[in-house]
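In: 3D model of this:
(one chain, ligands or ions: 2)
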Amino acid sequence: MQGLDAQAVLRISTALAGEIVPVRLVETLLRTALENAGAESGTLALFRHEAWQVRAQARVLDGAVVLTQEGMSFDAGTLPVSIVQAVARSQQHIVVDDARESASLAQDDYIRRRRPRSILCVPLMRQAMLVGVLYLENNLASHVFTPAKAEVLEVIASQAAFALENARLYEELVDQNQQRAQAEEQLRSTLAELERATRLKAMGELVASIVHEVGQPIAAVDTSASAALRWLDRSPPDIGEAREMLTHISRSALRARTIIQGLRAKARNAEPQFAAFDLGEALREAAALVAGALDTMGVTLEMKGLDTPLAVHGDRVQLQQVAVNLLMNAAESMASLAPGPRPLSMACAQGDGHVRIVVEDAGPGIGPEAAQHLLKPLFTTKPNGMGMGLAICKSILDAHGGTLELRPREPTGMRAVFSLPRPAPGHR
Ligand SMILES: Nc1ncnc2c1ncn2[C@@H]1O[C@H](COP(=O)(O)OP(=O)(O)O)[C@@H](O)[C@H]1O
Ligand SMILES: [Mg+2]
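Out: Ligands and ions are numbered 1, 2, ... in the order given. I've put the predicted structure just below:
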């Protein structure tokens, strides 16, 4: 059997350094140790977290090295515990020329049973710390392990210890990476879930907005169409009035389309279309849009201060939506009143730096507890209400740097006030 020469050491070192997967590293260590030192069997025991564990055992069977990596415990069934502990204590290798001749070793259970002859046990040291032992034996021949071999094996063992430690770190790293990848995957799917939920919610809100906002112009189309038919059914038909109604219809349809475009832009998260325009004119137009509905409900609308030009900067259609919502809420609130006058007013006042629009009705107004919820989406006290109107008004005014307030009005009714910042003089 060949001894360990410099070349063998180099070969083993290279092999060990090349292995980063612990299973293969252990195999390389035991196989080369067995082949080069002339041992019949070898065991690698590691000392980790204050406890011994048998990592692997290799045996030469019919000229081939057979490796076992599992199912071995650190006891007399696997290796001579007394020798391992002596090596661990002294941190020096132990060479036994012929264990059968040694009286002290005869006490060891393992030695008694297996009756090995040559024994070599070297410590695996890493930075002055014991990380394990490599135990080799030969049952056939005595004097197999010379002190020279022992020393070389010790060098290899320390390299193995180093490689094993790296391998362990590598394993931990792989483990951590797997855990991190798993956590990342989980986070990703949670985020995707959240995003989908948010999109669905936005979709739901969009649908609610469309139904709410477009409902008004469609109702206006309905009313005007019926009126037009009535004018045409007269004999003789009143073409002039019918034409007027058709103009109303066309205007309402245009408005519905503009609203949908606005909502679509909002859904795309687009900024509202800001431009300078005359607020008074826009509000008069909004009032004209609901005129038919107000008429049907027996409501008379009075407008104050809307004739003087009032330059503001904002999204014209959105601000018209605010006015329409407030006017319709006011009119609807008076539906429950006993027959009689249903006065509604929309007035405009200019302060320094802002414009205030006040919409007042003579309905029942609102109790203090409901008052805190008016602006919340989906809050409604109406059987067929959607509770979106005021929430939409609020978000529109927020986008304009304006405000919205709803207060009880004396002696009865509601007073809705929205304000908008005035562009500084010279600003367009
Ligand atoms: N002028 C008003 N007078 C009395 N209550 C009002 C008035 N305006 C709004 N409200 C209350 O605020 C609620 C929410 O209004 P809104 O957001 O427009 O939704 P909706 O009109 O669909 O109910 C109404 O259901 C009503 O209870
Ligand atoms: Mg409403």
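In: now for the spatially closest residue to Leu34 that is not a sequence neighbour, how many residues are close by?
Out: What sits nearest to Leu34 in space, not counting adjacent residues and going by C-beta to C-beta, 6 or more residues apart in numbering, is Gly42, at 5.1 Å. (C-beta placed from N, C-alpha, C; glycine too.) Counted with other C-beta atoms under 10 Å, the neighbours of Gly42 add up to 26.
In: so what's Gly42 up against?
Out: Leu30, Ala33, Leu34, Gln57, Ala58, Leu134, Tyr135, Leu136, Glu137 (C-beta atoms under 8 Å, 6 or more residues apart in numbering).
In: again, but for Pro237
Out: Here Pro237 is in contact with Trp231 (C-beta under 8 Å, 6+ apart).
In: measure it to Arg243 for me?
Out: 11 Å (C-beta to C-beta, to the nearest Å).
In: repeat for Ser102
Out: Distance, Ser102 to Arg243, by C-beta to C-beta: 125 Å.
In: next: Ala163.
Out: 96 Å.
In: quick one: which of those two has more around it?
Out: Ranked by neighbour count (other C-beta under 10 Å), Ala163 and Arg243 place Ala163 first, with 24 against 12.
In: I figured that one was touching Val26, is that so?
Out: No - contact criterion C-beta atoms under 8 Å: Ala163 and Val26 do not qualify, at 9.6 Å.
In: returning to what we had before: now render the contacts of Gly42 as a markdown table, adding secondary structure, neighbour count and distance to ligand 1.
Out: Shown next, in a markdown table, are the contacts of Gly42 (DSSP: H, G, I helix; E, B strand; the rest coil; neighbours: other C-beta atoms under 10 Å; distance: C-beta to the nearest ligand atom, whole Å):
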| residue | secondary structure | neighbour count | distance to ligand 1 |
| --- | --- | --- | --- |
| Leu30 | helix | 27 | 79 |
| Ala33 | helix | 25 | 83 |
| Leu34 | helix | 20 | 85 |
| Gln57 | strand | 21 | 79 |
| Ala58 | strand | 25 | 81 |
| Leu134 | strand | 26 | 81 |
| Tyr135 | strand | 27 | 84 |
| Leu136 | strand | 27 | 87 |
| Glu137 | strand | 25 | 89 |
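In: can you give me the strands in the stretch 251-400 of the chain?
Out: Using DSSP state E, counting those that start in this stretch, the strands of the stretch 251-400 of the chain run over 275-278, 300-304, 311-314, 343-350, 354-361.
In: and the last one with ligand 1, contact?
Out: Yep, that's strand 354-361 we're talking about. Yes - figure legend: strand 354-361 in contact with ligand 1 (C-beta under 6 Å from any ligand atom); contacting residues Asp361.
In: that strand versus strand 343-350: what angle between them?
Out: Angle of strand 354-361 versus strand 343-350, following axes from the mean of the first three to the mean of the last three C-alpha atoms, to 10 degrees, is 170 degrees.
In: for the residue of the chain positioned farthest from its centre, what are its contacts?
Out: Distance from the centre of the chain peaks at Glu101, with 71.1 Å (C-alpha atoms, centre = their mean). By C-beta under 8 Å, 6+ apart, Glu101 lies in contact with Ser142.
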